[in-house]
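A.B. asks: With the sequence up front, the predicted model follows.
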Amino acid sequence: MGAGLVLLVAAVRPAAAADVVDMRFEGFGPAGLHLVTTHTVIEEAPAWYQIQGDFATAGLGALFVNVANRSLTQGREVADTPQPELFESETDRNGVVQRNRVDYRSGGVPSGSSTPAPREPVTPISLGSLTGTVDNLTAYLLLERRLARGENCDLRVPVFDGRHRYDLQFSDAGNQVLSPADGQKFSGATRACHMARHEIGGFYIDRNHEEGARAGTIWYAPLLPDLAVPVRMSMETEIGEISILLAQLRGRGVNLKLME
């Protein structure tokens, strides 16, 4: 998997080293079992941005569902607000590879595709619901920029990834101080945000086919200039509740290793 994404990454403009933020996270289930590893790389410049994300189940997590994903979004900055132009994603779920792509059109309806087609019935998506949508990577960047400006978590973002249409509803849970826990050395002030996914279309009608994270809480810390950083997450996913911890952060003069 990943051939299309590799070609796309090779074609993008490189950012200056100071504009690259690289984060690695480790996810754990009950009894501290290691279930998933995920990375996020954010590149920003005055007129454009790019985000790459990947995750894969590990250890016993792969016994529940074997999932690996790579996603990439590119966009432009409009009045300091990120607006996506192109999103691509590949997900290998138990040996079945799904490729999603969205071309976002300024002021128009995005053009999206997903191959192969779902093997079972999914809920419909109306064209009218697609206007103003962004990809999921941009949705979290919007929240992280908002928190860095000193605003709260209350934000609703319409998302379309080429297959699924949903809203990410973030709600503020206030300031909280975290202590080291579960092998992570972070301690300090954070802003807690609740996340809920409101499904609109493109999801399996049979609710036994859950996909992705449907709800959770994210704790953000002011570790970087102009960007709040998720240091801990508690997510309800298709393989159960997972605690996701920031293990390493590099970029903008910061180099933190919070887990061995």
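C.D. replies: Looks like it arrived, so ask away. Numbering: from 1, shown residues only.

A.B. asks: can you pull out the strands in the protein?
C.D. replies: For the chain, applying DSSP state E gives strands covering 20-28, 34-44, 48-57, 67-78, 81-93, 96-103, 111-115, 155-160, 165-178, 188-201, 215-224, 227-237, 240-251, 254-257.

A.B. asks: Which of these sits closest to Leu147?
C.D. replies: Comparison of the strands of the chain against Leu147 by C-beta to C-beta identifies strand 227-237 as nearest, at 3.7 Å. Every residue, glycine included, has its C-beta placed from N, CA and C.

A.B. asks: tell me what that closest one is packed against?
C.D. replies: On a contact count with 3 or more C-beta pairs under 8 Å, 6 or more residues apart in numbering; DSSP states H and E, strand 227-237 meets strand 20-28, helix 136-148, strand 188-201, strand 215-224, strand 240-251.

A.B. asks: how far is the longest one from where the chain is centred?
C.D. replies: Chain-centre distance of strand 188-201: 11 Å, with C-alpha atoms, centre = their mean, to the nearest Å.

A.B. asks: Show me what it is in contact with.
C.D. replies: Defining contact as C-beta atoms under 8 Å, 6 or more residues apart in numbering, one finds that strand 188-201 is touched by 122-126, 129, 143, 147, 152-153, 164-178, 212-222, 228, 231-232.

A.B. asks: That strand versus strand 215-224: what angle between them?
C.D. replies: Inter-element angle recorded for strand 188-201 and strand 215-224: 140 degrees (by axes from the mean of the first three to the mean of the last three C-alpha atoms, to 10 degrees).

A.B. asks: hey, what's Val102 bridged with?
C.D. replies: Note on Val102: beta-bridge partners by DSSP bridges are Phe87, Gly112.

A.B. asks: Is there a neighbour count for it? I'd like the number.
C.D. replies: A total of 25 residues lie near Val102 under the criterion other C-beta atoms under 10 Å.

A.B. asks: From Glu199, how far off is it?
C.D. replies: Taking C-beta to C-beta, to the nearest Å as the measure, Val102 falls 17 Å from Glu199.

A.B. asks: likewise Thr37?
C.D. replies: 26 Å.

A.B. asks: can you check Glu236 too?
C.D. replies: To Glu199, Glu236 is 13 Å away according to C-beta to C-beta.

A.B. asks: Then Asn100?
C.D. replies: Asn100 sits 16 Å away from Glu199, going by C-beta to C-beta.

A.B. asks: Would you mind telling me which of these two has more residues around it?
C.D. replies: Higher neighbour count among Asn100 and Glu199: Asn100, with 21 against 13, using other C-beta under 10 Å.

A.B. asks: got a list of what the residue nearest to that one when sequence neighbours are not counted touches?
C.D. replies: Closest residue to Asn100 apart from its sequence neighbours, by C-beta to C-beta, 6 or more residues apart in numbering: Gly162 at 3.4 Å. Contact partners of Gly162, counting by C-beta under 8 Å, 6+ apart, are 87, 89, 100-102, 112-114.
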